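J.: sequence? don't have it. structure:
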């Protein structure tokens with residue numbers, strides 16, 4: 001398929017296949033709850049959490065506001081990416097043009113509403129995201145994925161914030177390793193653990209955090 005595309009060709013079909021290959025939750029997602037913990041290798045803090053069907057996360061039994069917010073933020077970030085929206089809803093005002101192909105994947109150049117953004121796609125997987133968000137430029141590179149049988153989830157990836165004008169790194173890279181499991185047999189896939197290793201601009205390790213989620217069960221509708 002890639003060999004039939006030349007620079008400047010419309011490649012909407014290429015990007016749409018990858019977009020629709022992402023794993024998302026069903027519209028009747030009930031929400032779930034469980035135990036949670038955070039550690040930086042020196043100390044560990046434990047609590048409980050709930051994600052409602054509205055995808056809002058609530059962390060309890062953790063008094064440290066910074067850690068509470070950090071856990072809530074990870075849960076929200078994962079949940080918001082599981083929302084199912086049609087390709088037309090998300091990208092209906094964009095155009096997609098083929099650029100080049102390298103070891104990361106085939107370049108998809110965005111025009112229209114989100115002009116200036118780019119992606120790379122390989123084997124129906126989005127392997128690079130290059131997006132302007134809230135005044136910053138973020139670059140995400142996906143190295144490994146989890147196959148759910150109903151779409152893929154990113155497993156090992158990095159993120160980097162750049163100045164949108166100079167393209168200079170604003171802070172060091174962050175490296176993520178996510179472990180997802182089914183909530184129950186045949187149920188929705190949810191996050192069991194996330195490791196985040198943050199580096200300085202010089203490449204030295206700043207911190208390594210691990211967020212863990214266990215004793216998971218879906219919320220029962222009353």
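T.: It's in. Note that the structure is predicted; figures quoted are calculated from it, not measured.
J.: show me what contacts residue 102?
T.: residue 120 (C-beta atoms under 8 Å, 6 or more residues apart in numbering). C-beta: built from backbone N, CA, C; applies to glycine.
J.: how close does it get to residue 111?
T.: 21 Å (C-beta to C-beta, to the nearest Å).
J.: which pLDDT does the model give residue 206?
T.: If you check residue 206, the pLDDT there is 93.
J.: can I assume it sits in a helix?
T.: No: secondary structure of residue 206, determined by DSSP: H, G, I helix; E, B strand; the rest coil: strand, with no helix assignment.
J.: now it, nearest residue through space, not along the chain?
T.: residue 198 (4.6 Å; C-beta to C-beta, 6 or more residues apart in numbering).
J.: beta-bridge partners for that neighbour, please?
T.: residue 174, residue 207 (DSSP bridges).
J.: wait, it touches residue 207, no?
T.: Yes: with contact defined as C-beta atoms under 8 Å, residue 198 reaches residue 207; the gap is 5.4 Å.
J.: for the helix or strand where residue 13 lies, packing partners?
T.: Using DSSP states H and E, residue 13 sits in helix 12-20. Helices and strands touching helix 12-20, by 3 or more C-beta pairs under 8 Å, 6 or more residues apart in numbering; DSSP states H and E, are helix 87-91, strand 94-101, strand 106-112, strand 118-122, strand 125-133.
J.: indicate which one of these is closest to residue 48.
T.: strand 125-133 (30.8 Å; C-beta to C-beta).
J.: got any ranges where the chain has weak pLDDT?
T.: The chain contains residues with pLDDT under 70 at 1-3, 221-222.
J.: need the strands for it, in chain order.
T.: With DSSP state E as the criterion, the chain has strands at 32-39, 44-51, 57-60, 94-101, 106-112, 118-122, 125-133, 136-147, 152-162, 174-182, 189-199, 205-218.
J.: show me the contacts for the residue nearest to residue 157 when sequence neighbours are not counted.
T.: Once flanking residues are discounted, residue 157 sits nearest to residue 142: 4.4 Å by C-beta to C-beta, 6+ apart. Neighbouring residues of residue 142 by C-beta under 8 Å, 6+ apart: 125-128, 154, 156-157.
J.: which strands or helices does the helix of greatest length in the chain pack on?
T.: When the chain is parsed with DSSP state H, its longest helix is helix 65-80. Under the contact criterion of 3+ C-beta pairs under 8 Å, 6+ apart, helix 65-80 touches strand 32-39, strand 44-51, strand 57-60, strand 189-199, strand 205-218.
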